[in-house]
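Participant: Give the three-dimensional model of this entry:
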Amino acid sequence: MTIPAEQANTPTLPLRKEPGGWGTRKSPSFDPEFTPGARNAVSVCLRVQAEEKVCVITDEVTLQIAAAIVRELEHVGAPYNVWVLEDLASRPLTDLSREVIDDLETSQVSIFAVQAQKNELRSRMQMTDVVNRRKIRHAHMVNINRQIMLEGMRADFQKVDRLSAKVVEMVRKAKRVRAKTAAGTDLTAELNHNYRWLKTSGIITPEKWGNLPGGEIFTTPGEVNGTFVIDGVVGDYLCAKFGNLRENPLTIHMKNNRLTEAHSDNRELEDDFWKYTHTDENSDRVGEFAIGTNIDLKDVIGQILQDEKYPGVHIAFGSPYGAHTGAEWDSSTHIDVVGRKFNIWVDEQQIMEDGKFLVEA
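Facilitator: Model (predicted):
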């Protein structure tokens, strides 16, 4: 599940004393092409009601997308507050501001549409701590951009949800999942039935906040062993730096659920990934094993927010989202890795061949 890095140069505006709507800002104009995706987010994925209060968190770079979403909130009639991160503190954001936390505490729905910067994971975890505790229906749209609004956010999320429900029912009963690709991936995940599988199909519930665009099921694995050829993308701020890895894949090896090797012709990618996955004692531990289920996505685009929903297997090192999966360990980091064109077996039953589901939605 997700993260790049961009500094905004727009001068900081004075902090509003009594937040409401856009506060001291005027509502920005936006590209009408964003409207279908914004409507999907508000009316299909979050199902916002007129009596619900919504907390919208955005930044300078993402203002147009936030404005399209807010316009849909206005159509629904829901009250909202918009918080622009650069109005509150300098970036990268080390801590979430008290004003935003207080607003989250009284909201039923929240939307986080920003471009991530290096070393901001702590502030996002502060936000999701409130979301988890209060069971807010939360849309996590980190690094949302024009392409994603016009592609992944226009998916038929009801159909994605039906497929996700079928696949998650299968894996909840399984002992293991095996994944292979023609590029050289060959890994096996032994499943721990003490850890829960989550469905984040784009239809967001109070039980689990979700990334938008949605389309995945995930758990904390018992143990992962094998090789993963990452010819899609890597996550967090490395995604913006290295983008689509089709031409320069990163090959990693895992044993007993720990990263043991990482190799790439791109030595900077290899070094940065190794450093990231050795930040703390569990940064090299597989915390997430997931299957992407957004069948409206046709290929990896080099943006982790959308690409982790691309049909296939992806895993993440670091935080296991233990509040949801039940995993009892933790990490200060979380980085997803995505490949292409998977063959997947749940126990002995093949459910995907060359990137295409063999399960009907």
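Participant: For Gly243, which non-adjacent residue is spatially closest?
Facilitator: Leaving aside its sequence neighbours, Gly243 sits nearest to Gly302 (CB to CB, 6 or more residues apart in numbering; 3.9 Å). Every residue, glycine included, has its C-beta placed from N, CA and C.
Participant: give the contact list for that neighbour.
Facilitator: Counting by CB atoms under 8 Å, 6 or more residues apart in numbering, Gly302 makes contact with 233, 239, 243-244.
Participant: Against Asn225, how distant is it?
Facilitator: Using CB to CB, to the nearest Å, one gets 28 Å for the distance from Gly302 to Asn225.
Participant: Is the residue nearest to Gly243 in a helix, a strand, or coil?
Facilitator: coil (DSSP: H, G, I helix; E, B strand; the rest coil).
Participant: Just the pLDDT for it.
Facilitator: pLDDT for Gly302: 93.
Participant: host element of Phe218?
Facilitator: Using DSSP states H and E, the element containing Phe218 is strand 216-219.
Participant: Give me the sheet partners of that strand and which way each runs.
Facilitator: The pairing partners recorded for strand 216-219 under DSSP bridges are strand 198-200 (antiparallel), strand 286-292 (antiparallel).
Participant: now it, how far from the centre of its chain.
Facilitator: Distance, stretch centre to chain centre, for strand 216-219: 11 Å (CA atoms, centre = their mean, to the nearest Å).
Participant: For Val109, list the residues it contacts.
Facilitator: Listed by CB under 8 Å, 6+ apart, the contact set of Val109 reads 46, 48, 52-55, 78, 136-139.
Participant: Just the ones in strands from those, please.
Facilitator: Among the contacts of Val109, the ones falling in strands (DSSP state E) are 54-55, 137-139.
Participant: What subset of the residues you listed is buried?
Facilitator: Among those, those scoring as buried are 54-55, 137-139 (criterion: 16 or more other CB atoms under 10 Å).
Participant: With adjacent residues omitted, what lies nearest to His278?
Facilitator: Nearest residue to His278, sequence neighbours excluded (CB to CB, 6+ apart): Asp284, at 5.9 Å.
Participant: again with Glu328
Facilitator: In space, Glu328 is closest to Gly322, 6.4 Å off (CB to CB, 6+ apart).
Participant: in the stretch 51-200 of the chain, which ranges drop under the pLDDT threshold?
Facilitator: The stretch 51-200 of the chain contains no residues with pLDDT under 70.
Participant: Tell me which stretches of it form strands.
Facilitator: Along the stretch 51-200 of the chain, counting by DSSP state E, counting those that start in this stretch, strands occupy 54-58, 80-84, 109-114, 137-142, 176-181, 186-190, 198-200.
Participant: For Gly152, which of these is the nearest?
Facilitator: Gly152 sits nearest to strand 137-142 of all the strands of the stretch 51-200 of the chain, at 10.3 Å, using CB to CB.
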